[in-house]
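Engineer: With the sequence up front, the predicted model follows.
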Amino acid sequence: MSTLWLVATPIGNLGDLSPRAVEVLAAVELVCCEDTRRTGKLLQHAGIRANRLAVCNEHTEFNLTSQVLDVLSSGANVAVVSDAGSPGISDPGERLVAAAIEAGHTVSAVPGPTAATMAVTISGLPSGRHVMEGFLPRKGRERTGRIAEIAAETRTVVLYEAPHRIERTLADLLSACGPDRPVSVSRELTKLHEETVRGTLGSIEVGEPRGEYVIVLGGASTESAPVSDDDVRLALHDAIAGGASKRDAAAQVAAATGRRRRDVYQMVVESDASTPG
Ligand code: SAM
């Protein structure tokens, strides 16, 4: 049975190209990559003689799918690589994987470097439960909404960022999360000028923006995680359904959420007024 291989490549240091990555890349019929020149150089460095390369990026991945499925159906194997790191992580690959699975082919990977994993493991922040957010939306409500979600997230959050946007993103995170939130910012991982600065959003200084960045943000503390109005309404509903009077329900929920009792009672009154009948 033929296999679609997702092959991780170095994020800066060529020494991180694994022997198994070389073995698989040398053996496949077709290598799908973001940039044929860049991948051509990597293959050359690994001593792999030119195999067939096809461009796979956000514009071509859709059309490339049928070509890849044809190669797999002919019994040959295909590899997917990105410019750096693991394909499918903020990089093309996801669509090809879904299509290959759908068509009944084997999908496997040669795991290796991923900037997110390296950054979270060296951050000093809790890594057991973390979420990978990749790149933030660039602007508008989508960005504001995502940052608000991230501010309320209690797990460690990993973000990718380009050098020309690092300061703006750290400033936006500071406004949403406050100055005390722990953060670690890594740049140029595995390269000569690798650097990780650790501190809080209020104190961190990244200096002259250079290279590629990963931001690792500590989660919101569970005690101070903001409680939304919907959460308050739900808690009120549960308390009243459990037999509490409106006044007692408001007192209980205010104590549990840290909201003012008067405000919570007002929400009971408003929800009564908006209930039909
Ligand atoms: N697929 C890649 C991976 O597995 O990490 C990520 C590709 S994404 C298009 C590129 C982003 O990854 C960069 O903007 C940066 O945020 C992060 N990145 C990649 N290499 C990095 C490195 N050596 N140091 C720091 N961040 C890096």
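Structural biologist: That came through, no problem.
Engineer: Please make it C-alpha for all contacts and neighbour counts, starting now.
Structural biologist: Fine.
Engineer: Quick one: name the residues of the stretch 151-277 of the chain near the ligand.
Structural biologist: Residues of the stretch 151-277 of the chain found near the ligand (CA under 6 Å from any ligand atom) are 160-162, 186-190, 212-214.
Engineer: again, 8 Å this time
Structural biologist: 159-163, 186-191, 194, 211-215 (CA under 8 Å from any ligand atom).
Engineer: Separate out the buried members of these.
Structural biologist: By neighbour count, with 16 or more other CA atoms under 10 Å, those hold 159-162, 186-190, 211-215 as buried.
Engineer: Give me the subset of these lying in strands.
Structural biologist: Here DSSP state E is the test, and those give 159-161, 186-187, 213-215 as lying in strands.
Engineer: Which members of the buried ones among the residues of the stretch 151-277 of the chain next to the ligand are the farthest-apart pair?
Structural biologist: With CA to CA as the measure, no two of those lie farther apart than L159 and T190, at 17.6 Å.
Engineer: picking up where we left off before, let's have the buried ones among the residues of the stretch 151-277 of the chain next to the ligand in TSV, adding pLDDT.
Structural biologist: Output for those, formatted as TSV (pLDDT from 0 to 100):
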residue	pLDDT
L159	98
Y160	98
E161	98
A162	97
S186	98
R187	98
E188	98
L189	98
T190	98
G211	94
E212	96
Y213	98
V214	98
I215	98
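Engineer: okay, these in CSV with distance to V97 next?
Structural biologist: Formatted as CSV, these follow (distance: CA to CA, whole Å):
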residue, distance to V97
L159, 23
Y160, 22
E161, 25
A162, 27
S186, 29
R187, 29
E188, 29
L189, 27
T190, 28
G211, 30
E212, 27
Y213, 27
V214, 25
I215, 27
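Engineer: which secondary structure element contains the residue nearest to P179 when sequence neighbours are not counted?
Structural biologist: Once flanking residues are discounted, P179 sits nearest to G202: 3.9 Å by CA to CA, 6 or more residues apart in numbering. Counting by DSSP states H and E, no helix or strand carries G202.
Engineer: Please report the distance of G202 from A176.
Structural biologist: According to CA to CA, to the nearest Å, G202 and A176 sit 12 Å apart.
Engineer: All the helices of this structure, in order from the start?
Structural biologist: 19-27, 36-45, 61-73, 94-102, 115-122, 140-152, 166-177, 229-241, 246-257, 261-274 (DSSP state H).
Engineer: burial count for the closest residue in space to T106 that isn't next to it in sequence?
Structural biologist: Take T106 and drop its neighbours on the chain: the residue closest to it by CA to CA, 6+ apart is T3, 4.7 Å away. Using other CA atoms under 10 Å, the number of residues around T3 comes to 21.
Engineer: Now do the same contact list for T3.
Structural biologist: Residues in contact with T3, defined by CA atoms under 8 Å, 6 or more residues apart in numbering, are 72, 76-78, 105-108.
Engineer: now with 7 Å?
Structural biologist: By CA atoms under 7 Å, 6 or more residues apart in numbering, the contact list for T3 reads 72, 77-78, 105-108.
Engineer: closest to H130 out of the helices of the chain?
Structural biologist: Per CA to CA, nearest to H130 of the helices of the chain: helix 115-122, 8.2 Å.
Engineer: Give the other helices and strands that that closest one contacts.
Structural biologist: With contacts defined as 3 or more CA pairs under 7 Å, 6 or more residues apart in numbering; DSSP states H and E, helix 115-122 has these neighbours: strand 213-217.
Engineer: Give the pairing partners of the strand it packs on; include direction for each.
Structural biologist: According to DSSP bridges, strand 213-217 forms sheet pairs with strand 156-161 (antiparallel), strand 182-187 (antiparallel).
Engineer: between it and helix 140-152, what angle do the directions make?
Structural biologist: Orientation check (axes from the mean of the first three to the mean of the last three CA atoms, to 10 degrees): strand 213-217 against helix 140-152 gives 50 degrees.
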